[in-house]
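> sharing a sequence plus its predicted fold:
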Amino acid sequence: MNSYIYQEGTIAFVTAAAQTCLLIEQCGEYERGEWQEKMLRLLPVLYLRTRLLEEAEPMLEDEEPPRFVTEEDYNFALVGIRELMGSDDAYLDVFVDQGIYTDEVQTAYISEGLADIYQELKDLAAAFQTGEEPIMNDAVLRCREAFGEHWGRKVLAVMRALHELRIEN
């Protein structure tokens, strides 16, 4: 079993992704502060596990792995987090475009950042539920690529916002 998807680092990443999805899906079962603490413990692990993923080759011939997350799934995560966070959902962020910081400050939302992250991670988790190695392999590759493109920065931004909330309390 030398397959990329069965390597220790890949399994650790997929586990962290699944745990993140579960915590997001079950956010309504927690008190706000408790959920924030759990998220602050899990997001750094997710970030690190993603950064430690090794390079691999795609297995699907000229096609993308399927997407599984629907708009309803995304909205379920978004609304659940928004309701839990209440007035703590919004935070100020510096706009970054292609790695260039500007003086433009904008309002960002923890719920939107986590819903975007959830969409990528849930697609990955659903790909693993298929049990088809080419789909699983390429789903990891796509998720890793999307991490570099957008959701890695969102993890860091949400962690910073949650950190500020927890330090205040």
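Right, received. Where do you want to start? Numbers count the residues shown, from 1 in each chain.

> spatially central residue in the protein, please.
Residue closest to the mean C-alpha point of the chain, counted by CA atoms, centre = their mean, is Ile117 at 3.0 Å.

> leaving out the residues flanking it, which one is nearest to that residue?
In this structure, Ile117 finds its nearest non-sequential neighbour in Trp151, 4.9 Å apart by CB to CB, 6 or more residues apart in numbering. Glycine gets a C-beta too; all of them are placed from N, C-alpha and C.

> helix, strand, or coil at that neighbour?
helix (DSSP: H, G, I helix; E, B strand; the rest coil).

> avg pLDDT for stretch 159-168?
Regarding stretch 159-168, the rounded mean pLDDT is 92.

> would you mind writing the CA trace of that stretch as CSV?
Provided in CSV are the C-alpha atoms of stretch 159-168 (Å, rounded to 0.1, in the frame of the first residue of the first chain):
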residue,chain,number,x,y,z
MET,A,159,-7.8,31.9,13.5
ARG,A,160,-6.7,35.5,14.0
ALA,A,161,-10.3,36.7,14.4
LEU,A,162,-11.1,33.9,16.8
HIS,A,163,-7.9,34.5,18.7
GLU,A,164,-8.9,38.1,19.3
LEU,A,165,-12.4,37.1,20.5
ARG,A,166,-11.0,34.5,22.9
ILE,A,167,-8.3,36.8,24.3
GLU,A,168,-11.0,39.4,25.1
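
> circling back to that earlier point, list the contacts of the residue nearest to Ile117.
Counting by CB atoms under 8 Å, 6 or more residues apart in numbering, Trp151 touches Asp116, Ile117, Glu120.

> surely Asp73 meets Leu121?
No. In this structure, Asp73 is not within contact of Leu121 by CB atoms under 8 Å, at 11.4 Å.

> returning to that earlier point: so what does the helix or strand containing the residue nearest to the centre of the chain touch, helix or strand wise?
Using DSSP states H and E, Ile117 maps to helix 110-130. The helices and strands touching helix 110-130, judged by 3 or more CB pairs under 8 Å, 6 or more residues apart in numbering; DSSP states H and E, are helix 8-25, helix 71-85, helix 133-146, helix 152-168.

> now do the buried residues in the last one.
So that's helix 152-168. Gly152, Lys154, Val155, Ala157, Val158, Met159, Ala161, Leu162, Leu165 (16 or more other CB atoms under 10 Å).

> who's the closest spatial neighbour of the last one, skipping the chain neighbours?
Residue nearest to Leu165 in three dimensions, not counting chain neighbours: Asp88, with 5.4 Å by CB to CB, 6+ apart.
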